[in-house]
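Novice: Quick one: sequence and predicted model below, then my questions.
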Amino acid sequence: MTEPSPDTTPQPFFEEVPNPEAAAPVEEAAPLDPITALTQEVERWKDMAYRSQAELDNFRKRSAREAQETRAYANGDLLRALCPILDNFDMGLEAARQESEKSMVFMGMSMVNRQIQDFLRDSGALEIEAQGKVFDPNLHEAVAQEASPTVPEGTVIRVTRRGYKLKDRLLRAASVIVSSGPTAPPEA
């Protein structure tokens, strides 16, 4: 005969004492009137439907606004990359002007320059007017300061590199030289 195997179930280290409060029956809340319960359920679903509709409307408006903004500023990277090319073209145009304003090279480059300016304007890019304006760090990048007896302090004397905006966004700041005002007379 074989001996019965010992019980392998783990025994607790302590005995559980029954909780007298847990043994007491739980009083249930008075059941709601079925019509009231259904009315509350309908109101909850209506509220959820209104909120979902409002969220969907907001999503549609936001998507349309983002799509419009994307279309409006899609050419920004292209125009920004075109800026250094325009700088070099301007230097070539100025060199041709100094040689002779009646030369065919200068006249041809002038026509191309007009076409480029028309293309920029049609694309929504505008040159930042800086010459003679008060220095604006949001639009201008000061590369130097010069004393000037005629130009007030903080006013742009010269533009060294043109800046551009695409609609209301800055593509590139204009590099400018700013007046530091008249030079102070040497002290005796």
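Specialist: Yes, it's here.
Novice: for the protein, what's the longest helix?
Specialist: helix 34-72 (DSSP state H).
Novice: Whichever helix or strand comes after that helix: which residues count as buried?
Specialist: Downstream of helix 34-72, the next assigned helix or strand under DSSP states H and E is helix 76-99. Residues G76, L79, L82, C83, L86, L93, A96 are the ones in helix 76-99 that count as buried (16 or more other Cβ atoms under 10 Å). C-beta coordinates here come from the backbone N, C-alpha and C atoms, glycine included.
Novice: which residues of the protein score low on pLDDT?
Specialist: For the chain, the stretches with pLDDT under 70 are 1-31, 184-188.
Novice: domain assignment for it?
Specialist: The chain is divided into the following domains under automatic domain parsing: 33-72, 76-179.
Novice: Tell me which of the ones you listed is the most buried.
Specialist: Most buried of the domains of the chain, by mean neighbour count (mean count of other Cβ atoms under 10 Å): domain 76-179, with a mean of 15.
Novice: first to last residue in that one, what's the distance?
Specialist: One end of domain 76-179 sits 31 Å from the other (Cα to Cα, to the nearest Å).
Novice: Could you do stretch 95-115 as well?
Specialist: Calculated as Cα to Cα, the first-to-last residue distance of stretch 95-115 is 19 Å.
Novice: and for that stretch, what are the contacting residues?
Specialist: The contact list for stretch 95-115, computed with Cβ atoms under 8 Å, 6 or more residues apart in numbering, reads F89, D90, G92, L93.
Novice: Now render those residues as a markdown table, adding distance to S100.
Specialist: A markdown table is the format used below for the contacts of stretch 95-115 (distance: Cβ to Cβ, whole Å):
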| residue | distance to S100 |
| --- | --- |
| F89 | 18 |
| D90 | 18 |
| G92 | 14 |
| L93 | 13 |
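Novice: Quick check: the two most widely separated of those residues?
Specialist: Maximum pairwise distance in the contacts of stretch 95-115, criterion Cβ to Cβ, is 7.3 Å, between D90 and G92.
Novice: backbone phi and psi for F119, please?
Specialist: phi -60, psi -40 (degrees, to the nearest 10).
Novice: residues contacting it?
Specialist: By Cβ under 8 Å, 6+ apart, F119 lies in contact with nothing.
Novice: From T70, how far out is the residue minimising distance to the centre of the chain?
Specialist: Centroid-nearest residue in the chain: R169, 9.4 Å away (criterion: Cα atoms, centre = their mean). Computed as Cβ to Cβ, to the nearest Å, the R169 to T70 distance reads 13 Å.
Novice: need the contact list for the closest residue to L139 other than its chain neighbours.
Specialist: Nearest non-adjacent residue to L139, counting by Cβ to Cβ, 6 or more residues apart in numbering: I128, 5.2 Å away. Counting by Cβ under 8 Å, 6+ apart, I128 makes contact with L139, H140, R162, G163, Y164, K165, A173, A174.
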